[in-house]
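J.: show me how the following folds:
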Amino acid sequence: MREVKNSTLLFLGLLFCAPLFGLAQNTTSINISGEVLIPLTLTMKDLSSYKALTYTAKDKDGKEHEYKGVALVEVLEKAGVTLGGKLRGENLTKVVLVQAADGYEAVYSLPELDPEFTSNTVLLVAEKDGAPLATGEGPFRLVVPQDKKQARWVREIRSIKVVFVKN
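T.: Numbers count the residues shown, from 1 in each chain. Down below sits the predicted model:
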């Protein structure tokens with residue numbers, strides 16, 4: 001009888017926790033929205049369809065790490081963001097707002113992401129040293145090699161939104 005009670009309690013516990021596991025799975029995607037033609041929800045699997053790039057950088061303790069991901073501009077292109085020859089006039093007032101799980105935000109202008117304007121590349125990464133990003137850092141983050149400080153290397157990205165800057 002005691003085994004039945006324990007089994008029942010275990011079953012009920014799992015039943016009530018199932019929605020929480022679903023919530024955790026939803027955080028393994030990024031929403032791309034705003035001034036885009038095609039709003040996207042990207043998963044780890046989706047990122048594997050892009051050209052992979054790597055970058056080696058030191059952390060705040062001086063230890064080197066190799067990050068692997070994709071050029072953020074490729075993701076924006078897939079969402080239909082105005083780039084390249086069409087990036088002029090009022091479209092130059094659009095910015096990319098990157099939001100993290102804890103509310104941290106960073107902004108990038110479209111020209112600083114567009115290869116027709118810059119030779120710099122901002123990476124959307126999902127791996128560090130050959131493994132998925134750790135909890136508290138991933139599942140997605142930005143790596144911005146040209147920035148002297150890592151303040152815009154947003155961790156735990158949940159959304160990327162393209163918006164017009166308003167006065």
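
J.: just give me the neighbour total for the closest residue to Arg158 other than its chain neighbours.
T.: Ranked by Cβ to Cβ, 6 or more residues apart in numbering and with sequence neighbours excluded, the top spatial neighbour of Arg158 is Ala101, at 5.2 Å. (C-beta placed from N, C-alpha, C; glycine too.) Counted with other Cβ atoms under 10 Å, the neighbours of Ala101 add up to 13.

J.: correct me if wrong: Ala101 contacts Ser159.
T.: No - counting by Cβ atoms under 8 Å, Ser159 is not a contact partner of Ala101; they are 9.7 Å apart.

J.: so which residues of this structure form helices?
T.: Per DSSP state H, the chain has helices spanning 2-26, 44-47, 72-78. These are given in chain order.

J.: confidence-wise, which of these is weakest overall?
T.: The weakest mean pLDDT among the helices of the chain belongs to helix 2-26, with a mean of 44.

J.: okay, now the unreliable bits of this structure?
T.: Within the chain, the stretches falling below the threshold (pLDDT under 70) are 1-27, 167.

J.: which residues in it form strands?
T.: Under the criterion DSSP state E, strands of the chain are mapped to 29-34, 40-43, 53-58, 64-71, 94-100, 105-109, 123-128, 131-132, 141-143, 157-164.

J.: out of the ones you listed, flag the one nearest Pro115.
T.: strand 64-71 (8.2 Å; Cβ to Cβ).

J.: give me the sheet partners of the closest one and which way each runs.
T.: As defined by DSSP bridges, the strand partners of strand 64-71 come to strand 53-58 (antiparallel), strand 123-128 (antiparallel).

J.: which one of those strands is the most hemmed in?
T.: Among the strands paired with strand 64-71, ranked by average contacts under mean count of other Cβ atoms under 10 Å, first place goes to strand 123-128 (a mean of 22).

J.: what about Val70, distance to Ala52?
T.: For Val70, the distance to Ala52 (Cβ to Cβ, to the nearest Å) stands at 7 Å.

J.: which of those two has more residues huddled nearby?
T.: Val70 (21 against 14).

J.: ok, the more buried one - contacts?
T.: Leu47, Tyr50, Lys51, Ala52, Leu53, Leu123, Leu124 (Cβ atoms under 8 Å, 6 or more residues apart in numbering).

J.: just confirm the third one contacts Glu74, I think it does.
T.: Spelled out, it's Lys51. Yes - counting by Cβ under 8 Å, Glu74 is a contact partner of Lys51 at 7.0 Å.
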